[in-house]
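Model the following, please.
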Amino acid sequence: MVVTLLERAHNRKCFECEEQSLTDYIRKQVSQDIKKRLTTCFVATDKDQNVIGYYTLTSESLGRDLIPEKFIKKVPKNYNAPVILLGRLARDITAKGSGLGEHLLLDALFRAYTLSQKSIGAMAVVVDPINEYAVAFYKKYGFEQLPDSEKMFLPMNVIGHLMK
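Alright, predicted model coming up:
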């Protein structure tokens, strides 16, 4: 399966997942966010160009107070930690049980890792899980809960090991 940047030719109108806010986002909001340079959106499509899954990536920074203690030494004092936010990740109900969610996550992690090696400084990927199911999903891949936050954190060096 190929995951590509969202284009006008991709049909988003039929996309539906279990979380209404994620369905609404791909159908109604993502194009505006892309135009405003707030996010990039990558999609998986079927043979008819219908979106069956997507994720968004955005640059972000974390304050030192949110960085897990074992990683704080890597961030100079008075600096925030540069990270890549995996803002949304969803797959269509018709793809449930197909492994598409895992495929999209690994694609996002690979892109983030590649960017951090060649294009932009980033020490981790951060997610903000929408529910407990999403928390469990991300934990399977090594994401850790950030202190005093609902966000989860996966360092680039861990992602590098996942990619091998």
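
ok now do the closest residue to residue 71 other than its chain neighbours, which residues does it touch?
With sequence-adjacent residues excluded and distances taken as CB to CB, 6 or more residues apart in numbering, residue 71 is closest to residue 155, at 6.3 Å. Glycine gets a C-beta too; all of them are placed from N, C-alpha and C. Counting by CB atoms under 8 Å, 6 or more residues apart in numbering, residue 155 touches 71, 123-124.

Check residue 48 and give its pLDDT.
With respect to pLDDT, residue 48 has a value of 94.

doesn't residue 11 make contact with it?
Yes - at 7.3 Å, residue 48 counts as touching residue 11 under the criterion of CB atoms under 8 Å.

Compare neighbour counts for those two and give me the winner.
residue 11 (13 against 7; other CB atoms under 10 Å).

What residue, apart from its backbone neighbours, is nearest that one spatially?
In this structure, residue 11 finds its nearest non-sequential neighbour in residue 50, 4.7 Å apart by CB to CB, 6+ apart.

I'd say the one you found and residue 14 touch.
Yes - using CB under 8 Å, residue 50 is in contact with residue 14, at 5.5 Å.

okay, these two: which has more neighbours?
Neighbour count, other CB under 10 Å: between residue 50 and residue 14, residue 50 has more, with 17 against 13.

still on that earlier bit, contacting residues around the residue nearest to residue 11?
Contacts of residue 50 were listed using CB under 8 Å, 6+ apart, and they are 10-11, 14-15.

what do you get if the cut-off is 10 Å, keeping everything else the same?
Neighbour list for residue 50: 10-15, 43-44, 92, 94 [criterion: CB atoms under 10 Å, 6 or more residues apart in numbering].
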